[in-house]
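J.: next come a sequence and a model predicted from it.
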Amino acid sequence: MTRNTFLLSVAVVSGALAVEAPPSVPSGQITYDEVSYQNNGSELPSEFMGPPASPGGQDALSSPAVSSPTSSPDTVIDLMLYASNYQVRGMGVTDNLSHHGTSNLYLSHTFADKNMFHKGIQQRVHGLAGVIWDASCPLGDIMQFEAGYSIGKEVLPNLLFEVGYNFKRGGLEGFVAKNYDQCSHRSTQEVAVSAKFNDHQKGLFGQAMFGASFYGLTGYYVDAELGYRFTNILNKSSYGADLEVSGGVAPSFSYWGSGVDGIDAYRIRVALQPFTHGGGLGRDARLSITPWLQCSWTGNNARKIHRDMGMGMADHFQLTVGVNAGYKF
């Protein structure tokens, strides 16, 4: 190999192996700039940026338009086929007012839009039509009728809070309003505040209602109930049954008359809820059949009502049996 050829080869190899010298390591303490994890979209590619800013200057990506959540209408029909006694919040009337039992049809409809005012508020209308099966008794000569409107919000999981208005005609309230409160009619009107709780997983349920009547009757009442649902007390291959046990108390204050303050009634209720595994009856099915048994005791208001009205209007103890059929869609 000649001297020129050797020098040319060294030059080629040296050029191939030549690399940039590594940067020098800085001396002293290394500091880091503050990093923000709040992305306002300014670094996104243009295809992800959405429409341009609105005339008001607020970016559409940071404040998107959100539609109100809606769901299917919730309608419940409950037909009390028969109850052997007529009662008001557990207070059973005597045979002087009703010799036989009662039946009624209850309807409740919750509107599909459950986000009124964008506050998660729902609207509900409800009504009741019923008969007391003895046209010759003081309570059975006219049909019962109730209608109401309420707004509600689920303030906690499984806890619904409602405020509403109720109109009632007939029944025990209408009888007292006309005969002992000097009204020319058998109608009452009230506002009511209620809280309803139902935890299907744990089996706990209950409700508490405060009503203030301002027309026909003028006074206040409370109806509180707490219960537990025992699941699968009967479980066969094609059918089964749950059992609900609950207890309630119903105080009132000047509702039945001036100075009538105390407990109207106590009650214990047991309800059987049969179901089929095929989904045709009970639990999550549209149709339900519920036979039930209720024991009721009057409180200290029974004596005060008797004193003011001159008649024993409430029984000391009643054992009531009944059956309800429900349909929901």
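T.: Nice, thanks for sending it over.

J.: could you use CA atoms for every contact and neighbour count after this?
T.: OK.

J.: how about the helices in this protein?
T.: Listed in chain order, the helices found in the chain under DSSP state H are 3-17, 171-179, 301-309.

J.: buried ones in stretch 138-154, by neighbour count?
T.: For stretch 138-154, the neighbour count (16 or more other C-alpha atoms under 10 Å) marks 138-140, 142-154 as buried.

J.: same deal with stretch 270-290?
T.: Quick answer for stretch 270-290 (16+ other C-alpha under 10 Å): 270-276, 281-283, 285, 287-290.

J.: can you tell me how far residue 128 is from residue 98?
T.: Applying C-alpha to C-alpha, to the nearest Å, the value for residue 128 to residue 98 is 19 Å.

J.: quick one, which of the two is more surrounded?
T.: Neighbour count, other C-alpha atoms under 10 Å: between residue 128 and residue 98, residue 98 has more, with 24 against 18.

J.: my guess is that one contacts residue 86. True?
T.: Yes. The criterion here is C-alpha atoms under 8 Å, and residue 98 meets it with residue 86 at 7.2 Å.

J.: mutual contacts of the two, please.
T.: Residues touching both residue 98 and residue 86 (C-alpha atoms under 8 Å, 6 or more residues apart in numbering) are residue 132.

J.: my read: residue 249 touches residue 262, true?
T.: No. The criterion here is C-alpha under 8 Å, and residue 249 misses it with residue 262 at 10.7 Å.

J.: nearest residue to the residue minimising distance to the centre of the chain other than its sequence neighbours?
T.: The centre of the chain sits closest to residue 160, judged by C-alpha atoms, centre = their mean, with a distance of 4.0 Å. Once flanking residues are discounted, residue 160 sits nearest to residue 154: 4.3 Å by C-alpha to C-alpha, 6 or more residues apart in numbering.

J.: just confirm that neighbour contacts residue 196, I think it does.
T.: No. Counting by C-alpha under 8 Å, residue 196 is not a contact partner of residue 154; they are 9.4 Å apart.

J.: common neighbours of these two, please.
T.: With C-alpha under 8 Å, 6+ apart, residue 154 and residue 196 have common neighbours 160, 161.

J.: tell me what residue 326 is bridged to.
T.: residue 78, residue 288 (DSSP bridges).
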